[in-house]
Structures are given as C-alpha cells and as structure tokens.
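*Asks:* 3D model of this:
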Amino acid sequence: MTRRLTLSYLTVTVFVLLVLEIPLVAFFADREESRLLSAIERDALVLATTYEDALQFGSPYSVDPAIDYASRAGTRVVVVNSAGQSIIDTAGEAYQDFTNRSEISNALGGAIESGTRFSATLDGDLAFAAVPVASGGDIHGAVRITFPTSQIGDRVGRFSLTLAGVAVVVLAAVTAVGWVVARSVIKPIEHLRDGARLVGEGDLDVRIDVGEAPAELSELARAFNDMASRLQELLERHREFVADASHQLRTPLTALRLRLENVEHSIGSEDRTEVEWALRETDRLGEVIDQLLQLARVEEGREKPIPTEIAQLVRDRADTWSTVAGQSAVELIVDGPQAEWVYAVGGAMEQILDNLLSNALKVAPQNSSVTLRVVNTGQTVEVHVIDAGPGLTERDRQSAMQRFWRGTADGTGLGLAIVNRLAEASGGSARLEKATSGGLDAVVTFPAVPHYLVPA
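*Replies:* Just a heads-up that it's a prediction; the model follows:
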C-alpha cells in the first residue's frame, strides 16, 4: 500500500513535469534558433559594412576580419561581389559562383534573408543569414554566414539535460516526502490489519493505538477496540454459560440415573426394558453434554499448534483401545514410521484418535480389523483410521462433519465435528473417504514439522 501511494504521487509528478518541460524545451529550441539567427544576421550586417568600400570601389581589403569571426563563432563566412562570385570564403576557395544559392541570390536582389535549409554539400541542415552590401541604393555584393544546426541541437541538448537534472531532483524529493506521507497514512492501517489478524486467531486481548492518525482512522480504531471488547465479553459469557450449563445439567442427570436404577429393582421384568432404555438415553444425554462442553472449549481457539510426536501417540492410543476392540473381536493394526512430528494443539491428537476409533469400532464387524496408518506426504502428515464397516454414501461423507449429524448410527453426532474443529485449530483438515475394504477411511491432515525444527 505504501508503494502504491508513493507511485501515485510519482505518477502525478511525472505527468506535471512532462506537461511543463516538453513545451519548455520546444519553446527554448525555437527561441534559441531565433536568437542565433538574429545574432548572425546582425554580424553579417557588420561584416557587410567592413567590406562595403572594397566591393564598391575595388579598394584593397583584408580577409582577417572574416577569418577571425568565423574561427571565434564556428561559422563559415562568404563575401560575394555583385556578380555572385566569392571574394572571401573562410571554408573554400575564392572566385566561386554562388548565384545558385537562393539566399545569396535574394541578398543580391536587396533582401535580407535568414533561416535553415538542407545543404547537399554538407549532407545536413544548416542555418544561414545573408545580407546585401549596398550603398546609395546600389547593390555591390552580399555577405552570408552559415553554421550547422547541430550547434542549436547541442544547446537544446544541454538545456534538456539541465531540465532532466531538475526533474530527477524533484522526483527524488517527491519520493522521499511521498514515502513519509504514505507511511504516516498506512502505519495506522497496518496496526488495524495486525489487530484484526490477532483477533481472528483468538487473541481478544489485543487493542489498537493508532497514535496521531487522521480522525477517520482514529474513529475506526476506537470502533475496532469496542468491537474486540464486546466480543471478548460475549465469549466470556458464552464460556461461563457452557460451564454452568454443563455443571447444572450433570447434577439432575446423575440424580435421574440413580432414581431410575432404584426403580429398576422394584418393578417387574415386563417394565425393565423401558427403564433400561431410559438409562441408555440418560447416558447419551450426559455424553452430549460432555462433548458440547468439549466442542465449546475447542472453538475458543486460544491454543497455538505445537510440535507433537504423532507416531508413538498413535501406537499408545491403539494399545489403550485394544481391550475394547478385543471385546468385539476386532484387530487394531498400526502402520507407520517409528517417529513423525506434526504441529497440533495440545491434546488434540488424543481426542481425535479417541473419537475416530470409537466410531470405527462401533461399525466394524466381528473378526475384521481397524487400521491406523501414518503417512508423510512432504508438507503434511496424514493419519488414517480405516474400518471395514458398511461405509457411507458420498453425500453422507460430506455431511458427516456437521454437528449433530448421526445418520443411522447411534451417538451424539458431535464426534466428527470435534475432530474437524481440532484439525482446523491445528492448521490441518479432516475428511472421510471410501476405503478399499468398503468401509470408511477417516483422514486427518496435520502440518509437518520440518526436520531441522524437530525437537532433539
């Protein structure tokens, strides 16, 4: 943003400089040409006066004035008689016919002429001034001074370089000032951006001080701080509500279960089925409360992912669940490296594996297997929990990560939602795929820890 503002200042400055300097250079070139032509026209009149007597009366003359002037001014001086033959030529031999030169012909006709024209002899443009040598109304000859137009170009070039130097200084000054001004405007916006990012990451304690910023940005910062404070207050109330609700609901649920257990022993066998069903629903309601509380804690988003060794943790969870698996005649198979490090929030891996193993063992048929596989894909590490159960349709696999989705299975409908949220909090993702065995392949992806950052 700072660069864009500075470039916008420079763009406007360059446009203004071009609008001013291009016409100025053109005006200077025209003025310089007019000035030089006027000067040599004046000098030609002076030389005409010098050689007037020689051309009128045939008196002796010296070529020194013409040669001195030509050497000093870098020009060519030609003096011709009334017949158009040169008596002085500082760049050629005398007594050449110059009547084929239009400016000399016009000067012999009594006209004063100056300007520029193409010279076939020089194969380039030249500037000239031709004046008649006259006395008493009679034309006795003419004087012509010529010089290459490159002299004008050189002067215009030097003037253009001067203007270019001024433009460079102006652009440097505008760049410096524009950068300072842009930073003064952008710095408060960067504070707001950083604060918004921190709030998005779960740091609700952040507050923004934009200092001596424009009134609009100061007002925006105050509104942002008020929003962060209000959001923090709302989340605190949310956490308090979840904790209080969990605590308040556990007590009556526990009391209800105790009463149901007491009633179970005092009723006939024909009513026990209903009581057992009520006990199971009470247990499920308690599990829903526990998982809602767990999900609320996950969504606080305050924990940062830390390096976690995942391979050994997978083996540990497999050992823990092996007893449950053995009761259903299901074999737990672990497939993966001896060590693998990923970034994950604290405790996330245990909760993820427990939820996925619980789901897999519920649907795995007897004498089948559940495979836990760890795969390093380079930038990420995938953890697969593969069962041989009935599986899900593609539509159900996409919906299963949503809260309270249960399909046809028993459960709270929150386990996979917790898995998905914990994976996202760790910087990864979770998905369900169809296993080659026909069941489900639950895949959780974590960012891999680079080898040079692996804890010793």
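*Asks:* Okay, strands next: where are they in this protein?
*Replies:* Counting by DSSP state E, the chain has strands at residues 76-81, 86-89, 113-119, 124-135, 138-148, 306-309, 331-335, 341-344, 369-376, 380-386, 429-434, 440-447.
*Asks:* Just tell me which of those ends up closest to residue 323.
*Replies:* Comparison of those against residue 323 by Cβ to Cβ identifies strand 331-335 as nearest, at 10.2 Å. C-betas here are computed from N, CA, C, even on glycine.
*Asks:* May I have that closest one exported as CSV, CA atoms only?
*Replies:* Extracted as CSV, the C-alpha positions of strand 331-335 are listed here (Å, rounded to 0.1, in the frame of the first residue of the first chain):
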residue,chain,number,x,y,z
GLU,A,331,-8.0,-56.3,15.4
LEU,A,332,-6.2,-53.0,15.7
ILE,A,333,-3.3,-52.6,13.1
VAL,A,334,-0.8,-49.8,13.3
ASP,A,335,1.1,-48.9,10.1
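*Asks:* in its sheet, what does that strand sit against?
*Replies:* strand 369-376 (parallel) (DSSP bridges).
*Asks:* coming back round to it: out of the strands of the chain, nearest to residue 41?
*Replies:* With respect to residue 41, and counting by Cβ to Cβ, the nearest of these is strand 124-135 at 4.0 Å.
*Asks:* re the thing from before, reformat the strands of the chain as CSV; add mean pLDDT and mean neighbour count.
*Replies:* Formatted as CSV, the strands of the chain follow (pLDDT from 0 to 100; neighbours: other Cβ atoms under 10 Å):
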stretch, mean pLDDT, mean neighbour count
strand 76-81, 92, 24
strand 86-89, 90, 20
strand 113-119, 83, 15
strand 124-135, 87, 21
strand 138-148, 89, 22
strand 306-309, 90, 16
strand 331-335, 91, 15
strand 341-344, 91, 24
strand 369-376, 92, 19
strand 380-386, 93, 22
strand 429-434, 90, 18
strand 440-447, 92, 22
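*Asks:* Tell me which of those sits nearest to residue 276.
*Replies:* Residue 276 lies closest to strand 369-376 among the strands of the chain, at 28.4 Å (Cβ to Cβ).
*Asks:* how big is the angle separating the closest one from strand 380-386?
*Replies:* Angle, strand 369-376 to strand 380-386, by axes from the mean of the first three to the mean of the last three Cα atoms, to 10 degrees: 170 degrees.
*Asks:* what's the offset of strand 369-376 from the middle of its chain?
*Replies:* How far strand 369-376 lies from its chain's middle: 41 Å, per Cα atoms, centre = their mean, to the nearest Å.
*Asks:* residues making contact with it?
*Replies:* Residues outside strand 369-376 that contact it (Cβ atoms under 8 Å, 6 or more residues apart in numbering): 310-311, 314, 317-318, 325, 330-337, 340, 353, 357, 360-361, 364, 381-388, 448.
*Asks:* Okay, now the unreliable bits of the stretch 351-456 of the chain?
*Replies:* Residues of the stretch 351-456 of the chain that meet the criterion pLDDT under 70 lie in 403-414, 456.
*Asks:* what ranges do the helices span in it?
*Replies:* With helices called from DSSP state H, counting those that start in this stretch, the stretch 351-456 of the chain shows them at 394-399, 415-425.
*Asks:* Give me the distance between the first one and the centre of its chain.
*Replies:* With Cα atoms, centre = their mean as the basis, helix 394-399 stands 38 Å off its chain's centre.
*Asks:* any idea how far residue 128 is from residue 146?
*Replies:* Per Cβ to Cβ, to the nearest Å, residue 146 is found 5 Å from residue 128.
*Asks:* beta partners for residue 118?
*Replies:* residue 125.
*Asks:* my guess is it meets residue 124, correct?
*Replies:* Yes. Using Cβ atoms under 8 Å, residue 118 is in contact with residue 124, at 7.3 Å.
*Asks:* How is the chain divided into domains?
*Replies:* Following automatic domain parsing, one gets these domains for the chain: 2-154, 215-298, 306-453.
*Asks:* Which parts of the stretch 101-250 of the chain are helices?
*Replies:* Here the stretch 101-250 of the chain has its helices, by DSSP H, counting those that start in this stretch, at 102-108, 150-200, 215-264.
*Asks:* helices or strands up against the longest one?
*Replies:* Taking 3 or more Cβ pairs under 8 Å, 6 or more residues apart in numbering; DSSP states H and E as contact, the helices and strands that helix 150-200 lies on are helix 2-50, strand 124-135, helix 215-264.
*Asks:* Could you identify which of the ones you listed is most buried?
*Replies:* strand 124-135 (a mean of 21; mean count of other Cβ atoms under 10 Å).
*Asks:* What is that strand packed up against?
*Replies:* helix 2-50, helix 52-57, helix 102-108, strand 113-119, strand 138-148, helix 150-200.
*Asks:* What distance do you get for the nearest residue to residue 325 once chain neighbours are set aside to residue 439?
*Replies:* Of all residues not flanking residue 325 in the chain, residue 332 sits nearest, at 5.0 Å (Cβ to Cβ, 6 or more residues apart in numbering). Separation of residue 332 from residue 439 (Cβ to Cβ) stands at 14 Å.
*Asks:* Residue 325 is in contact with residue 331, correct?
*Replies:* Yes. Look at residue 331 against residue 325 with Cβ under 8 Å: they come within range, at 6.9 Å.
*Asks:* Including distance to residue 163, could the domains of the chain go into CSV?
*Replies:* Below are those laid out as CSV (distance: least, Cβ to Cβ, whole Å):
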stretch, distance to residue 163
domain 2-154, 5
domain 215-298, 39
domain 306-453, 55
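*Asks:* Show me the one of those domains that comes nearest residue 195.
*Replies:* domain 215-298 (6.3 Å).
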